[in-house]
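Enquirer: Coordinates for the following, if possible.
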Amino acid sequence: MSRTLFLMRHAKAESHGLISDVGRELAPRGREQAREAGLELADRGIQLVLCSSSVRTRQTYQGLFLRAPGGGPVPVEYMEALYLGSSDLIRQRISEITDDISSLLVIGHSPGIPGLAAELAWASAPREADQIGCWFPTSAFTEFTVDVAWSALADSDEGARLADVQRPHREL
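Expert: Okay, here's the model as predicted:
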């Protein structure tokens, strides 16, 4: 059974201010980016979202307006571990997903999300993997076709093929 994995960096956040980094909200442009990304992801059959617990990632998820087949929002699991989580940690969380989930979106931060995207892309698309490693702006996401169980991704890049890279249409 083929699975689909989306790795997304949160949308554009407000500049650092008086609040902590984890409490930063989306900037107006970030809200627009989330809506744009949501239009791209709307028909991709996403069944579950793993999302960092930061305010900006939560707002990104909400701004995507992803809907399950019954019309309600796509289920989401907020995880503190995904806040500034390394690519290895993100990989571990993905490997814990049950195999009845065939389409998964992970929303997190740089450098973890682009790092894992580049690692997974390397075997099937080394040139694109280099580009992902160098340029993965806010609200960018990758799509991978995964031909192995989620648990197999814990310690291997085998079985994941890069299918698509989406970057925002306009950046600040």
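Enquirer: so what's Ala149 closest to, chain neighbours aside?
Expert: Once flanking residues are discounted, Ala149 sits nearest to Asp99: 5.3 Å by CB to CB, 6 or more residues apart in numbering. Heads up, the C-betas are built off the backbone N, CA and C, glycines and all.
Enquirer: before we move on, what about Ser139?
Expert: Gln33 (3.7 Å).
Enquirer: Could you check how many residues crowd around the one you found?
Expert: 27 (other CB atoms under 10 Å).
Enquirer: ok, now Ile101?
Expert: Neighbour count for Ile101, taken as other CB under 10 Å: 14.
Enquirer: Strands along the protein, start to end?
Expert: Applying DSSP state E to the chain gives strands spanning 3-9, 48-52, 76-79, 103-108, 141-146, 160-166.
Enquirer: what's the closest of those strands to Ala68?
Expert: strand 48-52 (9.6 Å; CB to CB).
Enquirer: pLDDT of stretch 55-63, averaged?
Expert: The average of the pLDDT scores along stretch 55-63 is 98.
Enquirer: Can we start the residue count at 17 from this point?
Expert: All set: I'll call the first residue 17, so the last point we hit is now stretch 71-79.
Enquirer: Contacts for it next, please.
Expert: Under the criterion CB atoms under 8 Å, 6 or more residues apart in numbering, residues 24, 26-27, 29, 38-42, 46-47, 49-51, 53-54, 65, 67-68, 92, 94, 98-99, 123-125, 155 lie in contact with stretch 71-79.
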